[in-house]
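>>> Next input, structure requested:
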Amino acid sequence: MHNQDEAIPFLRWLLCQLSRQVRRVPGNVQILFNQGVQPGRADLLQDLESVLQLFDKVFVVVDALDESQPSENLLAILQIIANDYVRFGKIKLLATSREYVGIERVMTRISTPLSMSNSFVAEDIRRYVAARVQSSTVFQRWPEELRTEIEEALSSGASGMFRWAVCQLDILRRLRHQTRVREAIRNPPETLDETYERIYSYIRREDRELVRHCLRWIMLHNTIWASEVNISATILLRTYKQCFPEAAITEAFISDLEIIKDSCGCLLSYDADNVTLAHYTVREFLESERARLGHSAFFAIEANDTFEDLATIMFETALQADIDESADDQYYLDGMKDDIARYCMLSSLQAVYNVRDINVRPDLAIDFMDPSKTHLRRFLNSMMSCSIPWPNGFSLLWQSIQSLIDLNLELDPNIDPNLFILINLLWVNRLDLAAELLLHRVTLQEIWTESLSAVLLFPVWNWSSNNEIMPRSPRISGNIVDLIAVSSGEIGSEALSFLLDHARDFFDPTKALLYYMGGHQHHSNTCIDDCPLRKLLRMGADPNSRGSPCTPLQIAILGRDVSGIQVLLEAGADPLSSGDAGVANWPPAEHVMGPFAVLRGQMPLEIIDCLDRISFTGNGDPEEQDELEEQANSLLQAAVDLRNNS
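Predicted structure coming up:
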């Protein structure tokens, strides 16, 4: 919690975590995203109910209810989750809070209370404080009488809060005089805010820059890796030297884990060589207005800090990386722990592919994605030997790298470098960077008209009939719009929609429509106005694709694409057309449209009759397929009747 209304963020976070687990985005979320609409409470609860159907039980811990301001909105959501057993009975909830009457009044009606301030917790804190005092070399130098006073004062003053006790020990170990120690334990800070302010006031001047860097770089790292990948003290210190090269040449600077422990103390936690923020309140305090005053002001960060200065160092280091082309993927994973170049290479890739919450200078990101440059070309070549998925935390990056390799393997390396960069950016859905590229670096007509030829090493349109799986590595020839249109089922429709807004008169909309139809799907069966299908039709695409072996409508029927069928029929698609028999058909095994060659000569209603024997990628479970077939049949039959009666 961050002293703000956490009701909607809580639902978003919970929905995001569950969707990541099942790798599925609820249909309503996708619709609202495409429409640019922020989901409200009712939308999020509906989607939460939907995704819960994929789980047996879900355990949720909500810490510090009292720090959601106002707390009433979050409490209302917890009440709904706890009381509506039919919709949310799979959720098992544990919530913590300080004792506030309003929160206690609501929670006692829906939960069983358990006081954290009890004799068991107090004894645990007493044992913890005693163990820390007895084991610390700093405290061991102090008189036994003073150590006993510390144990008594902190144990009785903690009131059930371990974090408070931990921080007081860190404050005390920074003091050098018994008088000041006794003064500190007689007048301890009452709140965590006061505690953090006191800690920052005791950080030595020569350590302040290091502490600030460690805090901010860990936050950057956690933003990039979603707190799923650890950062080592070795990397943290090497990034410090990258950011402050004058520190690297200072003889007095000792570079090891102990200097981080001594400087940062309880602000960080330490596991072997790995470090992370010790508690969520460390960041919460630094982002708050409360940290803008006093000694903590030097360490304060903006709540919306995008870490552009640190990201710049990271990308510049990656661009200069001396990549070993013969290395395997394990070499890079191992390097995350102790090699600054490999760490920055993987972290920069992750930032471009999967993160939007840090601000990267467009020129750096664009240069980084240029396959003609040594760092990326060598890296992708070395990754070709990668044969098994990477461990947890790296899975999204591994998938993105494999997808990019599948694309870059067969594209002609002699094409315009800017076109190559644009394709890479569209492939990872970095439309913001693609817009910068088009604005500053390319001549539009040259980009759109350059011919491409590629073998796509990912499944474009998979469907099977009579247990025969169609080929997975088709060849495509065309321009960038054709390539992105045919790949929309793999990378999503946003990239094609972006291109259509920029390409204008430099491509054939009818060909792009035909190439796109196999990847056109909407979970809600409602085709939004910004959909590439509607855009292509508005740009003059022929809904019947005259002169082609099959029609977009036939492809939509095969895919059980109800929204596509409806839009095409509204645009004038012929419900009786079975393709152009006068043109050469697509080679089934080689051409990107080969899987649809069998559709030529089949009437749309005949295709519907065969759907029970055909499995098409992405159509969902059998019950859903049957429902889509019925809807498609109704739409098509109505169109045929209208055609026959006209």
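
>>> Now Arg430: closest residue in space that isn't a chain neighbour?
Val352 (6.2 Å; CB to CB, 6 or more residues apart in numbering). For glycine as for every other residue, the C-beta is placed from the backbone atoms N, C-alpha and C.

>>> whoops, I mixed them up, Leu425
Leu425's closest residue in space is Ala434 (CB to CB, 6+ apart), at 4.4 Å.

>>> Please verify my assumption that that neighbour contacts Leu422.
Yes: the criterion here is CB atoms under 8 Å, and Ala434 meets it with Leu422 at 5.9 Å.

>>> Now for those two: what residues contact both?
Common contact partners of Ala434 and Leu422 (CB atoms under 8 Å, 6 or more residues apart in numbering): none.

>>> Near the residue nearest to Leu425, how many other residues are there?
Neighbours of Ala434 under the rule other CB atoms under 10 Å: 24.

>>> Just checking, which helix or strand of this protein averages the lowest pLDDT?
Ranking every helix and strand in the chain by mean pLDDT, DSSP states H and E puts strand 468-469 at the bottom, with a mean of 48.

>>> Helix or strand next in line after that one, which one?
strand 475-478 (DSSP states H and E).

>>> roughly how far is the helix or strand hosting the residue nearest to Leu425 from the heart of the chain?
Using DSSP H and E, Ala434 sits within helix 431-440. Mean C-alpha position of helix 431-440 versus that of the full chain (CA atoms, centre = their mean, to the nearest Å) differs by 21 Å.

>>> What ranges does the stretch 1-150 of the chain have for its strands?
58-62, 91-95 (DSSP state E, counting those that start in this stretch).

>>> swap in the stretch 151-300 of the chain?
Using DSSP E, counting those that start in this stretch, strands in the stretch 151-300 of the chain cover 231-232, 268-271, 274-277.

>>> now what about the second one, what contacts it?
By that I understand strand 268-271. Residues outside strand 268-271 that contact it (CB under 8 Å, 6+ apart): Cys214, Ile218, Asn230, Ala233, Leu257, Ile260, Lys261, Val275, Thr276, Leu277, Ala278.

>>> Out of the residues you listed, which sit inside helices?
Cys214, Ile218, Ala233, Leu257, Ile260, Lys261 (DSSP state H).

>>> The stretch 501-646 of the chain: helices as residue ranges?
Under the criterion DSSP state H, counting those that start in this stretch, the stretch 501-646 of the chain contains helices at 509-516, 532-538, 552-558, 562-570, 604-610, 622-645.

>>> The third one packs against which elements?
Read that as helix 552-558. If you count contacts as 3 or more CB pairs under 8 Å, 6 or more residues apart in numbering; DSSP states H and E, helix 552-558 packs onto helix 509-516, helix 562-570, helix 604-610.

>>> And for the fourth one?
Contacts defined by 3+ CB pairs under 8 Å, 6+ apart place helix 562-570 against helix 532-538, helix 552-558, helix 622-645.

>>> how's the chain carved up into domains?
The record's domain split for the chain, according to automatic domain parsing, is 7-110, 119-188, 205-305, 451-646.

>>> dump the residue contacts of Arg283.
Contacts for Arg283 were tallied using CB under 8 Å, 6+ apart; they are Leu215, Met219, Leu277.

>>> And the pLDDT at Gly620?
In this model, Gly620 is scored at 53, pLDDT.

>>> oh sorry, the question was meant for Glu190
Predicted confidence (pLDDT) for Glu190: 82.
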